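> next one to model:
(one chain, ligands or ions: 1)
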Amino acid sequence: MTDYVMTLDSDSEDYIFPKPSKDSKPETEDASLNPEFTFDVSGDPYVDIIGQSIELGDFVKKGTQPEPISVDEIIARRRITIKRKRGDNDNEESASEEESEGSDGGDSMDSANKTNDKLPEEGDDPLITFGEDDEDPNEDDNYSSDDESEPETQAEKERKAAFFDSDVSPSDAHSSFLTMNLSRPILKALTTLGFHKPTPIQAATVPAALLGKDVVGGAVTGSGKTAAFIIPILERLLYRDKGKNAAATRCVVLVPTRELAVQCFDVGTKLATHTDIRLCLIVGGLSVKSQEVALRSRPDIIIATPGRLIDHIHNSLSFNLDTLDVLVLDEADRMLSDGFADELADIVKSCPTSRQTMLFSATMTDSVDELVKMSLNKPVRLFVDPKRSTARGLVQEFVRVRAGKESERSAILIALCKRTFKSNVIIFLRSKKLAHQMRIVFSLLRMKCEELHGDLSQEQRLKALQLFRDGSVDFLMATDLASRGLDIKGVETVINYDMPGQLAQYLHRVGRTARAGRKGRSVTLVGEADRKMLKAAIKHGAGEDQVRHRIVPVEVVSKWLEKLEMLKVEISAVMRDEYEEKQLRKAEMEITKGENMIEHEAEIYSRPARTWFQTGKEKANAEGPISKQQYEDGFFTSGKSEGKEPTDGNKPKRDKFAGLSRRVKRRKMIMEEDAELGDENALNAAIRLAKKSARPSKIGVPEKRLVKANSKSKPKKVTSRAGAVEKGYERKELML
Ligand SMILES: Nc1ncnc2c1ncn2[C@@H]1O[C@H](COP(=O)(O)OP(=O)(O)OP(=O)(O)O)[C@@H](O)[C@H]1O
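Numbers count the residues shown, from 1 in each chain. Okay, the predicted model is just below:
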């Protein structure tokens, strides 16, 4: 490792985040980002949506899961019990949790452990370390050729040339939003948000997207990609048909995780503040019923995760994507990967072929093989600074975990967090289990901590993020569920407990810090097996001077190793308490469920069963070599679903309409229902009328595309985008 990087002296542990100097003018792309600026003007991105629903509880689906259990409560209870057992009131636990300089966090849990030796032990080692759980069978494969990508062949170059529009290179022609022909309500929102200047990806994307072109866009993490696609969508929607019968869903933004959807929804809502454009959030874990109600009102933009969107396409009778004009895939490389392939195909099938499609990611692929899945129409390739993969303000540090010393990882992590990185730290771990265990360890050591992974309820996930965002906790233990897209203000450090299996995964993780021109630091624990990935990470860094080798003193590690050893009994006990409590709550839930079933039996059985686009078997067969789950778990787990939409929890059997097209199926279902009511003709007429009146005109003119002869999509009414732009330009001239 020393071959590549500068070594950090162990005495210089404390890293001071430099305050942005007023005089210094970065001459890079980040210069266009205001380090002091943040999207979340309110400080809390959930305020808008939660505020609308008054309570988080109203917003989150209830009744299917037992009440969440708080690890902190269990630990607090245990502390009280231990104190009582000791009967030693004089020996109060030390009030001060902060360790003094040079001391490495000796705290009361050590003595507490001594009194706890009667607690029964679980067979498992509560402090699993690298390689001891969730082994990844494809480990070797995971060192994908990210860093050793072979040079493009001539044939590939030609394929790309034929597939993409003649490269519109990202230009800085637009150094201001004012020159982009944007309407007044959007300019006003941009000003309110403090967006005075477009970032390079925004400068490149907005004009192309306004012309209705398909876009494949890439720029480093934290460079403003979200606004790059939201701004043109909003601008184009301002020219949509309005009126009583014109309401229609015209844009869908697909993102891989629920948290990202919430964030994107928040950005969109803020940018649409001064318009009449309506957005709707469609994600798993939130109430299906209220989403159905929202969809019936035909919101202009839907921000969704794929699973829940498909659920609505198949099961919400009045909902379809027939009127869609723009489809956006954020974190597109992830969405195009095996884990999402079938879901994406099902959604794309439901969209009109004449739509505009935009794909974005910090690790965007321009592989034609991948992109053909999206049936793009001569997309423009907008890659900003493709050679650089990390933000300019990011310093990457690596801590070596020597061969045979893998068991020291936890001790190294705690030493780093006790001595150096004490707040605003996201810690990425490869599995949900490990994230939870580490959270217990941190809580036992009185380090304020939350966890974020797919084993939590949606309510817990949102709460954990909120507590971390507002600084109530210092550490967030996360799996790769949190690695992509999350924009949390003030994250100073990202620690990788283990090196992820793919370079893209690493880049997204470290991209949670040093966003929007700020400074940030990543610290990665590197084992012997990770050397190849280490090389790749360094190669893709912003510059060699931004890479450090950090040494944690051996004696500090040994000290924490000892403490952790003593803590093991306590960790097991907390986990056991937690398990018992979970079982108890589950039992209570079952009783309540049983009572409800008896009381509301007739109503429950009269509900139509929800359907899914694949059978359970198809789904299992469709799993690629790297499933969505494995991806989110960091490839080292073989566990069950994380971040999954609830629809596949109870995979429904293939229904009697299986094999029929979605439209025919919906029609048949309605007719069946209607036949029961004996009012077939009236309903058919109503359906026809509703469909006709809901058919909108297009919001713009995407470039003409060849519609296949056998394409089922109906010809779309085309109005001139150029005309709309012109109209908008004239209007703005008057207004500005
Ligand atoms: N024009 C702008 N001027 C100033 N700040 C901006 C501008 N556009 C975006 N930002 C800031 O950049 C931050 C990051 O934006 P965003 O989350 O869209 O990045 P991203 O490129 O999508 O990152 P990732 O690849 O991690 O998803 C936002 O919090 C916002 O504060």
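
> I figured Arg236 hits Lys213, correct?
No - counting by C-beta atoms under 8 Å, Lys213 is not a contact partner of Arg236; they are 11.8 Å apart. Every residue, glycine included, has its C-beta placed from N, CA and C.

> settle it for me: which of these two has more neighbours?
Arg236 (26 against 23; other C-beta atoms under 10 Å).

> where does that one sit: helix, strand or coil?
helix (DSSP: H, G, I helix; E, B strand; the rest coil).

> for it, give me the pLDDT.
Note on Arg236: pLDDT of 95.

> so it versus the ligand, what's the distance?
Going from Arg236 to the ligand by C-beta to the nearest ligand atom, to the nearest Å gives 19 Å.

> same question for Arg159.
Taken as C-beta to the nearest ligand atom, the span from Arg159 to the ligand is 27 Å.

> what's near enough to touch that residue?
Going by C-beta atoms under 8 Å, 6 or more residues apart in numbering, Arg159 touches Val368.

> could we number from 49 for the rest of this?
Taking 49 as the first residue, the last one we looked at is Arg207.

> so it lies in a strand, does it not?
No - secondary structure of Arg207 (three-state DSSP): helix, not part of a strand.

> name the SS class of Arg450, please.
coil.

> who's in contact with it?
Glu576.

> show the pLDDT at it.
Reported pLDDT for Arg450: 92.

> same thing with Val432?
89.

> do the same with Lys205
81.

> I'd like the average pLDDT over the helix ranked longest in the chain.
Identified as the longest helix of the chain according to DSSP state H is helix 602-647. In this model, helix 602-647 has an average pLDDT of 90.

> also stretch 132-151?
The model assigns stretch 132-151 a mean pLDDT of 47.

> buried residues, stretch 339-357. List them.
339-340, 342-343, 346-357 (16 or more other C-beta atoms under 10 Å).

> that stretch: end-to-end distance?
Using C-alpha to C-alpha, to the nearest Å, one end of stretch 339-357 lies 10 Å from the other.

> re earlier: quickly name whichever of the buried residues of stretch 339-357 is closest to the ligand.
Distance to the ligand, by C-beta to the nearest ligand atom, is smallest for Ile351 among the buried residues of stretch 339-357, at 13.3 Å.

> ok, then the element right after the helix or strand hosting the closest one?
Per DSSP states H and E: Ile351 is located in strand 349-352. Going down the chain from strand 349-352, the next helix or strand is helix 354-363, by DSSP H and E.

> what packs against that following helix?
strand 299-302, strand 327-330, helix 336-344, helix 386-398 (3 or more C-beta pairs under 8 Å, 6 or more residues apart in numbering; DSSP states H and E).

> what about that helix, average pLDDT?
94.

> flag every residue of the stretch 249-398 of the chain that's near the ligand.
Proximity of the stretch 249-398 of the chain to the ligand is confined to 250, 269-275 under the rule C-beta under 6 Å from any ligand atom.

> related to what we said a few turns ago, and after the longest helix of the chain, which helix or strand comes next?
Counting by DSSP H and E, what follows helix 602-647 is helix 649-654.

> put the alpha carbons of that next one into PDB.
In PDB, the C-alpha atoms belonging to helix 649-654 read as follows (Å, rounded to 0.1, in the frame of the first residue of the first chain):
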ATOM      1  CA  GLU A 649     -63.600 -11.900   7.500                       C
ATOM      2  CA  ALA A 650     -66.100 -11.100   4.800                       C
ATOM      3  CA  GLU A 651     -64.500  -7.900   3.800                       C
ATOM      4  CA  ILE A 652     -61.000  -9.300   3.700                       C
ATOM      5  CA  TYR A 653     -61.900 -12.200   1.500                       C
ATOM      6  CA  SER A 654     -63.900 -10.000  -0.900                       C
END
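
> for that helix, which residues meet the burial criterion?
Under 16+ other C-beta under 10 Å, helix 649-654 has no buried positions.

> run through who's touching that helix.
Against helix 649-654 from outside (C-beta under 8 Å, 6+ apart): 644-645.

> before we move on, the earlier item: nearest to Gln631 among the buried residues of stretch 339-357?
Compare each of the buried residues of stretch 339-357 with Gln631 using C-beta to C-beta and the shortest gap goes to Gly355, at 28.3 Å.

> against Ile349, how distant is that closest one?
Distance from Gly355 to Ile349, counting by C-beta to C-beta, to the nearest Å: 19 Å.
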